[in-house]
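Asker: structure, please.
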Amino acid sequence: MRSDIIKKGLERVPHRALLYATGICQSEMQKPFIGVATSFTDIIPGHIGMRDLERFIEKGIHTAGGYPFFFGIPGICDGIAMGHTGMHYSLPSRELIADMVESITQAHQFDGLVLLTNCDKITPGMLMAAARLDIPSIVVTAGPMLSGRLKGKRLSLVNDTFEAIGKYKQGLIKEDELKSLELCACPGAGSCQGMYTANTMACVTEAIGMSLPRCATALAISADKRRIAFESGRRIVELITQNITPRMIMTKKSFENAIMVDLALGGSTNTVLHIPAIAHDAGVDLQLETFDILSKKTPHMANMLPGGEHYLEDLDWAGGIPAVMKRLKKNLHNNITVSGKKVYEIIDAADVVDENVIRPLNNPYHKEGGIAILRGNLAPDGAVVKQSAVSSAMMKFEGRARVFNSEEEGMKAILNGKIKPGDVVVIRYEGPKGGPGMREMLSPTAAIAGMGLSESVALITDGRFSGGTRGPCIGHISPEAMEGGTIAIVRNGDRIRIDISHRKIELLLSSGEIKARFKTWKPIKPKITKGYLSRYARMVTSAGTGAVMK
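Answerer: Numbers count the residues shown, from 1 in each chain. All right, here's what the predicted structure looks like:
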């Protein structure tokens, strides 16, 4: 066992003394040492229930003959970090999380890992670490939140709080209703209720094969989730015995499976950053174009929030990810998973309980998958849109640019009524380097939707969007403004054409005019010049390559 390095031999007398100081019994020293990385915190709703799940993971490990050691991993709540300086740290925290799991695991030579996670950057960060370390590992995502309730109506975070701000500004709802929504939209533990980034990544994790069947959708408060936590603890000991490691599971074919599930669900555009980053650590070459190739042959079968009507609880009751994969079986690869079962074995045991939540291939919500990759002179290295959340009327749009050099500038203009039908809001210098940290633009996109402009206004940015974004919002414009991408020289009044069906995004200027503007262009001064974010800005790569650090 790997852990023999710290517990066997004459020279390890001081090591054993320190281990005994933790309270471990001599009888347990021969067992596999299993690190349990837990991202429990009091400030993230998706993580507040993890203390309970930790107990069940621990029971499972002991039952199977392992010995667990818990260690903490930090997390950021994207919703609380949204719209201020905090959001600069969200995406960069992914790299810190991966590095921390790697550091603790290597320093203590664990034989295997259980990764207890849930929210936006924590899950991909832990998967990156698992791929990098390549020791037996299993992921437990802590589960989605129940829908809120107010006067008989179901509620979700994004649609009923972020978008409520725009509605309130328009006079569509009153202050007392706004306060009621604040109290009722998020009723307790769990990740936000729609197919936002946290739940999308949980579904991706299960589809890759790194968590047990039904883990992604089992509700945070459920007995099912406890049982999955217990079985994951038990299963990690078996994975160690069988020497099944993440790179055996996270192959190019399993990433393709995960992308197809993501596309069928209409998941968050953040997966276009996270899946390539995980693949990078797994040593798998996964090109951005893979999303578009698979999107054209993968129908959008589940009409999930924010663009649709169904909650994660609906998806769970309809059969969860195994049921989604059952619909896609003819296109999926029959890979191994952490459960010990292959993909087809899991699929064959699954049932689609509700055909409205998970539609058949011959009756999808959309013929193509949820994500599209756009290119053109405005984004030669690619841009991303959640096309399943765009109305048919806005799939093709041409408008005049309204340019802002930060999210705050853009948000102020939106809430002050400065944005009019026919505008294309351009928010730049918010990319991985320019942000730094590629902030999510949920506040401006939700305000646009709440003010009734999502059918007449588009938004483009070199930043990114929350999984909660809906409407014609194009993110990840690459190269970004800070790198000298075309978005850097866009001016107010320029015409921009977006054609999602044909995968085009164009600044309607001649190449000569674009070159002339670049002759006088200079990037803005870095917004942050010290600390981790300054280092991150110098080392991070383009959004088109997953925004990994090199």
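Asker: helix or strand: which one has residue 492?
Answerer: Assigned by DSSP states H and E, residue 492 belongs to neither a helix nor a strand.
Asker: which residues touch it?
Answerer: Residues in contact with residue 492, defined by C-beta atoms under 8 Å, 6 or more residues apart in numbering, are 400-403. For the C-beta atoms, the positions are set from N, CA and C on the backbone; glycine is no exception.
Asker: how about stretch 180-196: buried residues?
Answerer: Burial within stretch 180-196, assessed by neighbour count using 16 or more other C-beta atoms under 10 Å, is assigned to 180-181, 184-187, 189-196.
Asker: what does stretch 41-61 give?
Answerer: Within stretch 41-61, judged by 16+ other C-beta under 10 Å, the buried ones are 41, 44-50, 52-54, 56-61.
Asker: and for stretch 231-241?
Answerer: Counting neighbours by 16+ other C-beta under 10 Å, one finds that the buried residues in stretch 231-241 are 231-240.
Asker: are any of the contacts of residue 492 buried, and which?
Answerer: 401-403.
Asker: so which of those belong to strands?
Answerer: Where the buried ones among the contacts of residue 492 overlap with strands, as defined by DSSP state E, the overlap consists of 401-403.
Asker: which of the residues you listed sits closest to residue 15?
Answerer: Distance from residue 15 was checked for each of those by C-beta to C-beta. The minimum falls on residue 403, at 59.7 Å.
Asker: what's the separation between that closest one and residue 182?
Answerer: 33 Å (C-beta to C-beta, to the nearest Å).
Asker: just checking, residue 210 touches residue 140?
Answerer: No. Counting by C-beta atoms under 8 Å, residue 210 stays clear of residue 140, with 10.0 Å between them.
Asker: looking at those two, which is more packed in?
Answerer: Neighbours were counted for residue 210 and for residue 140 using other C-beta atoms under 10 Å; residue 140 has more, 31 against 27.
Asker: and that one, bridged to which residues?
Answerer: When bridges are assigned using DSSP bridges, the partners listed for residue 140 are residue 116.
Asker: next up, the contacts around it.
Answerer: Each residue near residue 140 by C-beta under 8 Å, 6+ apart is listed here: 53, 57, 114-117, 211, 215, 228-229, 232.
Asker: narrow the buried residues of stretch 41-61 to those in helices?
Answerer: The members of the buried residues of stretch 41-61 that map onto helices under DSSP state H are 50, 52-54, 56-61.
Asker: list just the nearest of those residues to residue 518.
Answerer: Comparing every one of those with residue 518 (C-beta to C-beta), the shortest separation belongs to residue 50, at 49.6 Å.
Asker: just want the most central residue of this structure.
Answerer: Per C-alpha atoms, centre = their mean, the C-alpha nearest to the average position across the chain is that of residue 197, at 3.6 Å.
Asker: sorry, back to before: could you dump the buried residues of stretch 180-196 to JSON lines with secondary structure?
Answerer: Compiled in JSON lines, these are given as follows (DSSP: H, G, I helix; E, B strand; the rest coil):
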{"residue": "180", "secondary structure": "helix"}
{"residue": "181", "secondary structure": "helix"}
{"residue": "184", "secondary structure": "helix"}
{"residue": "185", "secondary structure": "coil"}
{"residue": "186", "secondary structure": "coil"}
{"residue": "187", "secondary structure": "coil"}
{"residue": "189", "secondary structure": "coil"}
{"residue": "190", "secondary structure": "coil"}
{"residue": "191", "secondary structure": "strand"}
{"residue": "192", "secondary structure": "coil"}
{"residue": "193", "secondary structure": "coil"}
{"residue": "194", "secondary structure": "coil"}
{"residue": "195", "secondary structure": "coil"}
{"residue": "196", "secondary structure": "coil"}
